[in-house]
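K.L.:
Below are the sequence and a predicted model for it; my questions follow.
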Amino acid sequence: MLQVVDISKKTEDITEQLFESSTNHGFLFVKGHGIPQSHIENLFKVSAEYFALDQSVKDKYPIENNIGYTSFNQEQLDARKTKDYKEAYNFGPINSTTGEIPIENHPEFFQKYNDLITKTNFYLFEVAKQLFVHLLKTLKIDKDKIPEIAKCLTGDTHTILRFLRYPQMRSLKEAENDDIRAGAHTDYGLLTILFQQEGQQGLQLNLNKEDDQDWLPIAFQPSDDISKEGAPLVVNFGDLLQFWTNGTIKSTIHRVVIPETRLKDRYSIVFFVHPQDKTSLEGWESKYIPKDEENKPQVNAYEHLLMRLNETYS
């Protein structure tokens, strides 16, 4: 079972849980986020309405520079498997302070929901910033250096809000990997934040790299008090953070499989958090983090992202 971490608490109250989650599982549940259940429900409603549009409408905004619409079988997250049968829409670029996006560059459908999208981005950036500072303190980074490191989540980043739809599989039967909706992969960025929906499970983790048949299903975690906030968010740490901390923080392989019922679409809403493009990925000074090896590639955050995107879409 994953740790449930309350980010509204002081760091010293959650240090043990956060250290275990980041250095072992690479995944955790986050509560204390303060996002109302009504907001989350509205967000999923808008997502379903968008994906119900005629295909010709969605195809007018094909993905470019990681923003726009991705059609079925366009992505291949696991090179060993067939391409992923899903569709998605990526929003960006996102203002890391206000949550705003240049809405005029996105489909007309979304323009009437600009406030909802902006508020979602704002909420999730605040969660990311809060969690990141907790993490820096947990790893015993010099407190005088924390504000400077935390600035990487302000300004221009390649953070993306993504709507996803995995269609029902009643009439579709693939030749192979019929149960896989998104192939086994790790995420590219700093961290990823995922909204949960009850009855929409399918996310699985591979905590044993020596056995690609050993998968841990992630069960729905209900809210402690639905009148205050929605269900805990699922958060995982990405390749960039693993690279940055020289392997101390784990970027865990995960995938999406078909739930027990094949007769229902699965919708997912994800926030992929990236630091400023020019952020140096030299390791932090900490008793928990090994020194950079001499042959460690000298790349910044954007160069790291481009490398991973090329692998996915090539």
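P.N.:
Thanks, I have it. None of the values given here were measured: they were computed from a predicted structure.
K.L.:
ranges for the strands of the stretch 51-200 of the chain?
P.N.:
Using DSSP state E, counting those that start in this stretch, the strands of the stretch 51-200 of the chain run over 68-70, 87-91, 160-166, 180-185, 191-194.
K.L.:
Spell out, range by range, the strands that occur in the stretch 201-314 of the chain.
P.N.:
Going by DSSP E, counting those that start in this stretch, the stretch 201-314 of the chain shows strands at 203-206, 216-217, 233-237, 253-257, 266-273.
K.L.:
Out of those, which one sits most buried?
P.N.:
Ranked by mean neighbour count, those are led by strand 233-237 with a mean of 25 (mean count of other CB atoms under 10 Å). Where you see a C-beta, it was placed from the backbone N, CA and C, and this is true even at glycine.
K.L.:
contacting residues around that one?
P.N.:
With contact meaning CB atoms under 8 Å, 6 or more residues apart in numbering, strand 233-237 is reached by 22, 26-31, 33, 35, 127, 131, 187, 190-196, 203, 218, 249-252, 254.
K.L.:
rewinding a little: can you list the strands of the stretch 201-314 of the chain in TSV and add distance to residue 89 and mean pLDDT?
P.N.:
As requested, the strands of the stretch 201-314 of the chain are exported to TSV (distance: least, CB to CB, whole Å; pLDDT from 0 to 100):
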stretch	distance to residue 89	mean pLDDT
strand 203-206	20	86
strand 216-217	26	85
strand 233-237	20	96
strand 253-257	17	81
strand 266-273	10	94
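K.L.:
out of the ones you listed, nearest to residue 64?
P.N.:
Closest approach to residue 64 among the strands of the stretch 201-314 of the chain (CB to CB): strand 266-273, 16.4 Å.
K.L.:
tell me the angle of the closest one relative to strand 87-91?
P.N.:
Interaxial angle, strand 266-273 versus strand 87-91 (axes from the mean of the first three to the mean of the last three CA atoms, to 10 degrees): 30 degrees.
K.L.:
Just the CA trace of strand 266-273, in CSV.
P.N.:
What follows is strand 266-273, C-alpha atoms only, in CSV (Å, rounded to 0.1, in the frame of the first residue of the first chain):
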residue,chain,number,x,y,z
ARG,A,266,-11.7,5.4,-18.7
TYR,A,267,-10.8,9.1,-18.3
SER,A,268,-7.7,10.4,-16.7
ILE,A,269,-6.5,13.9,-15.9
VAL,A,270,-2.8,14.4,-15.3
PHE,A,271,-0.4,17.3,-14.5
PHE,A,272,3.2,16.7,-15.7
VAL,A,273,5.4,19.1,-13.8
